[in-house]
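K.L.:
based on what follows, work out the 3D shape:
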Amino acid sequence: MKALWDILAVGLGGAAGTLLRHGIELRAQALSLSIPAVAGINILGAFMIGLWMTLLLERAHLSPRWRLLLTTGLLGGFTTFGTLMAEGGGLMRQGDVAGGLVLIGGEVLLGLLATLFGMSAARLLRRQA
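P.N.:
Alright, predicted model coming up:
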């Protein structure tokens with residue numbers, strides 16, 4: 001029964017994350033942003049994963065099920081690495097190899113930096129508490 005509740009937690013979090021991502025993508029399209037919304041979503045998601053994972057792992061106030069819901073579910077559904085690869089590959093197929101490599105490479109680098117920044121932010125928050 002525990003496994004079923006864990007699966008439901010990941011599923012509910014994932015549904016919320018994908019709906020949140022879709023809403024941001026629609027808003028970005030309405031604003032006609034010059035960069036793909038997926039780039040901002042992945043960088044924000046990387047930051048949040050760094051922040052939440054550090055806070056959740058260093059503060060054991062939440063149950064493992066809530067951790068699954070928030071990280072594997074919500075943030076896993078929110079971040080879109082596969083979509084990034086598809087957009088980068090699409091640029092390359094259209095002949096913009098440099099653009100595809102810059103999109104993918106830049107986002108991987110910025111995502112890593114955002115994750116590390118999120119971890120640092122969580123530690124600062126912990127010290128202030």
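K.L.:
let me see the mean pLDDT of the host helix or strand of Arg27.
P.N.:
Element membership for Arg27, per DSSP states H and E: helix 2-31. Regarding helix 2-31, the rounded mean pLDDT is 93.
K.L.:
likewise for stretch 90-101?
P.N.:
94.
K.L.:
could you pull out the buried residues of it?
P.N.:
Using 16 or more other CB atoms under 10 Å as the test for burial, stretch 90-101 gives 91-92, 100. Where C-beta positions appear, they are placed from N, C-alpha and C, glycine not excepted.
K.L.:
and the pLDDT for the spatially most central residue of the chain?
P.N.:
Residue closest to the mean C-alpha point of the chain, counted by CA atoms, centre = their mean, is Gly45 at 2.4 Å. According to the prediction, Gly45 has pLDDT 86.
K.L.:
give me phi/psi at the residue lying closest to it once chain neighbours are set aside?
P.N.:
Once flanking residues are discounted, Gly45 sits nearest to Thr79: 3.4 Å by CB to CB, 6 or more residues apart in numbering. Torsion angles at Thr79 (phi, psi; degrees, to the nearest 10) stand at phi -80, psi 150.
K.L.:
quick one: residues contacting Thr79.
P.N.:
Neighbour list for Thr79: 17, 21, 41-42, 45-46, 49 [criterion: CB atoms under 8 Å, 6 or more residues apart in numbering].
K.L.:
ok, now with 7 Å
P.N.:
Contacts for Thr79 (CB atoms under 7 Å, 6 or more residues apart in numbering) come out as 41-42, 45.
K.L.:
return the distance of it relative to Arg126.
P.N.:
According to CB to CB, to the nearest Å, Thr79 and Arg126 sit 24 Å apart.
K.L.:
and for Gly14?
P.N.:
From Gly14 over to Arg126 (counting by CB to CB), the distance is 27 Å.
K.L.:
for Gly118, same thing?
P.N.:
Distance of Gly118 to Arg126, computed by CB to CB: 13 Å.
K.L.:
shared neighbours of these two, anything?
P.N.:
Between them, Gly118 and Arg126 share no contacting residue, judged by CB under 7 Å, 6+ apart.
K.L.:
which one of these two has more residues nearby?
P.N.:
A side-by-side neighbour count of Gly118 and Arg126, using other CB atoms under 10 Å, places Gly118 first with 22 against 12.
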